[in-house]
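1. Kindly return the folded structure for what I paste below:
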Amino acid sequence: MALARLVVLHEERGELDRALHYAEQRWRLAPGDAEALGALVDLLVATEAFEAAADLLARARHDIDAGVLGFLERRVEAARHASTKEDAEAPAPSEPTEADAIRFAHLFAGRENVYARQWWNPDGRGGYTPVHEPFTPRVALNHLLGNVTVGVYVVRLDNTAGFFAIDLDATKRGLAAARSSVAEARRLRALLDTEARRLRDALGSLGVPALVEDSGYKGRHLWVFLTEPEDAAVIRQFGQLFLARCAPRSAELHVEFFPKQDSAGPGIGNLIKLPLGIHRRTGRWSRLLQDDGTAASDPHALLRAHPRLSREALRGAIVEMKRVPVSASLPDHAEDADGATADPARAEGPAPPAPPPIWTAADFETNPEIRHLMRHCPVLDALRRKVERHQRLSHEEQVVLAHSLGHSSAGVLAVNFLLDRCVDAPAATRLQSPLAGNPISCPKIRKRIPHITASVPCNCRFDFAPDHYPTPRLHLRTLDASAAAQAPAAAPPWDPIERARVLALLRRQRHDLDQQIDAVERELVAWLERDGRGELAVDDGVFRLERAETGLPTLVWERRPETGADAAPAGTGLRRAAGQGA
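-> Predicted coordinates for the structure are as follows:
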């Protein structure tokens, strides 16, 4: 019984090699146990070790009832037939060139000093062996030719990644159903294809282009390539938000996101098998799939043409998902795991709460309380400007922001607005209500974020409050009484007049900013034309002078790639003719 429980436990965890180990032990101890034999055969079929399953049944002829044996043999043959038919329908992979191998090694470059090789024995045992060498184009070519099968550890030594992947697999329940008949196996493949397309389309709606791969076993991988490496913590923030909205709609499927770690760490992390190689368990090639679900006849052309995701688009998708609640991103008539459509009219329970009041960048100027704190505390204003520039705050910076502003309703809205724009701040850090207790003190702020307080004049005097410890919120005592009366004491209801004022301010700010941009552009264009060099390098990129189709000089911005936690996100680029408005 203990071995049977261990088999079930490891199978449910997806650890089929461990499940096979204990199933074999169980069978050796009780060679006449039909249930033990059936469990072992099921695992061998699940891993498509059909020869090992047939050999096992041949050896069990003298110990097992002929009826049970015949039933198990038919199950093995049905599963073998389904797998063989699937292989026959797929085109042969195209021959890779040296250039294909170089491009492949660049696209799928992970941890620099190690990769892994997949192995599988006829007895049903398999896994991955780390190879402590770089993943080179020569290794990539051997993978593409089927000589070896390679997996990579996604997070690089500098804690960044150049790609991410979604792994959609069949669960134990799905595999059990597929083993029962050829029709069930086809149904499972159709379900995988449908869910893979749904995930791909959901990514596309966020501006994230993904390639779908048939992994060669019982799953699909979705691959997204980045224009430049991004911090693994930021990528994982995207994955957590996305999977919270797009979990599989069937209990027969489960999904994982790679990378699984924020940093390379002392170990080597989790690996993912690369596409266009042979799955050693099944002997099948993995395939890149076209939009219609068929295998691409020239997958390397697909890789060449597939767009990459920019840092700006990735971070914009994170901000968008944090801005839109999970419930708002789901369809009105969502299907449950059994395919039944829920009827909203019959839904039980209380109605969902009203959406929280909206906060915009303009509210930092229109709200008296927050405007006063930002103008009088340079530390808080520096944190706000850091979010605007970098879309990131460290954990300590998030704590300071929340425990300075988060003690009022307006402060909660302001904090959440800024946290929602931080690509590495989990959604769970959002404040649900004003904080109780005492706000953070100035000495603790200096202790937590000295890199900020040392860069601004953090030396406020609170002579008007000698009986109170220093804290940024003391500045509110100097807020004019009439202005203080305008500061909301509770979350205000939506007010069209107030929102119209915010919109008018935002439009004025945009108009003023456009005028400033045009004026500076005209100055730079005139200087570049006089100087004759045609371009001007600055800290994070290059301005280049070009001629538009109209003949007017145009200032083009090309951002230089940056790395590091405080790297600024790229601008959208300026491609307007000098002197023209937005």
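2. So which elements touch the host helix or strand of residue 237?
-> Per DSSP states H and E, residue 237 falls inside helix 232-245. With contacts taken as 3 or more C-beta pairs under 8 Å, 6 or more residues apart in numbering; DSSP states H and E, helix 232-245 sits against strand 160-170, helix 182-205, strand 253-258, helix 311-323, helix 326-329. To be clear about C-beta, it is placed using only N, CA and C from the backbone, and glycine gets the same treatment.
3. taking the mean pLDDT, what do you get for the helix or strand residue 521 falls within?
-> Taking DSSP H and E as the definition, residue 521 sits inside helix 496-531. With pLDDT averaged residue by residue, helix 496-531 scores 76.
4. And the contacts of the next helix-or-strand element following it?
-> Using DSSP H and E, the helix or strand that directly follows helix 496-531 along the chain is strand 535-538. Defining contact as C-beta atoms under 8 Å, 6 or more residues apart in numbering, one finds that strand 535-538 is touched by 524, 528, 542, 543, 544, 545.
5. Strand 535-538 pairs with which strands?
-> Using DSSP bridges, the strands paired with strand 535-538 are strand 541-547 (antiparallel).
6. Next one: the residue of the chain most remote from its centre from residue 523, what distance?
-> Residue farthest from the centre of the chain, counting by C-alpha atoms, centre = their mean, is residue 62 at 53.5 Å. Going from residue 62 to residue 523 by C-beta to C-beta, to the nearest Å gives 94 Å.
7. same check, this time on residue 476
-> Note on residue 476: its distance to residue 523, by C-beta to C-beta, is 41 Å.
8. With neighbour numbers in mind, choose between those two.
-> More crowded of residue 476 and residue 523, by other C-beta atoms under 10 Å: residue 476, with 16 against 11.
9. so what pLDDT did that one get?
-> Here, the pLDDT recorded for residue 476 equals 93.
10. okay, now the residue nearest to residue 458 when sequence neighbours are not counted: neighbour count?
-> Distance criterion C-beta to C-beta, 6 or more residues apart in numbering; nearest residue to residue 458, sequence neighbours excluded, is residue 379 at 5.5 Å. Using other C-beta under 10 Å, residue 379 is surrounded by 23 other residues.
11. so residue 379 is in which element?
-> Here residue 379 sits within helix 378-390, counting by DSSP H and E.
12. how far does whichever helix or strand comes after that helix sit from the chain's center?
-> Per DSSP H and E, the first helix or strand lying C-terminal to helix 378-390 is helix 395-405. Relative to the centre of its chain, helix 395-405 is centred 25 Å away, using C-alpha atoms, centre = their mean, to the nearest Å.
13. One more: stretch 457-466?
-> The chain centroid and the centroid of stretch 457-466 are separated by 44 Å under C-alpha atoms, centre = their mean.
14. For it, which outside residues touch it?
-> By C-beta under 8 Å, 6+ apart, the list of residues contacting stretch 457-466 from outside reads 376-379, 442, 445-446, 468, 470, 472, 474-475, 477-478.
15. Buried residues of the helix holding residue 237, list them for me.
-> Neighbour counts over helix 232-245 (16 or more other C-beta atoms under 10 Å) mark 232, 233, 234, 235, 236, 237, 238, 239, 241, 242, 245 as buried.
16. thinking again about what came up before, as PDB, could you dump the C-alpha coordinates of the helix holding residue 379?
-> This file holds the C-alpha atoms of helix 378-390, laid out as PDB (Å, rounded to 0.1, in the frame of the first residue of the first chain):
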ATOM      1  CA  PRO A 378      11.600  65.900  -1.600                       C
ATOM      2  CA  VAL A 379      12.000  62.300  -0.700                       C
ATOM      3  CA  LEU A 380       8.400  61.400  -1.600                       C
ATOM      4  CA  ASP A 381       8.700  63.500  -4.800                       C
ATOM      5  CA  ALA A 382      11.900  61.700  -5.700                       C
ATOM      6  CA  LEU A 383      10.100  58.300  -5.400                       C
ATOM      7  CA  ARG A 384       7.300  59.500  -7.600                       C
ATOM      8  CA  ARG A 385       9.800  60.700 -10.200                       C
ATOM      9  CA  LYS A 386      11.600  57.400 -10.100                       C
ATOM     10  CA  VAL A 387       8.400  55.600 -10.900                       C
ATOM     11  CA  GLU A 388       7.800  58.000 -13.800                       C
ATOM     12  CA  ARG A 389      11.300  57.400 -15.200                       C
ATOM     13  CA  HIS A 390      12.100  53.800 -14.300                       C
END
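17. before we move on, back to that, which outside residues touch the helix holding residue 237?
-> Outside helix 232-245, the residues within contact range by C-beta under 8 Å, 6+ apart are 154-155, 159-161, 164, 166, 202-203, 206, 255, 257, 259-263, 314-315, 317-318, 321-322, 326, 329-330, 392, 423-427.
18. And those residues, which of them are buried?
-> Applying 16+ other C-beta under 10 Å to these, the neighbour count classes 154-155, 159-161, 164, 166, 202-203, 206, 255, 257, 259, 261-263, 314-315, 317-318, 321-322, 329, 392, 423-425, 427 as buried.
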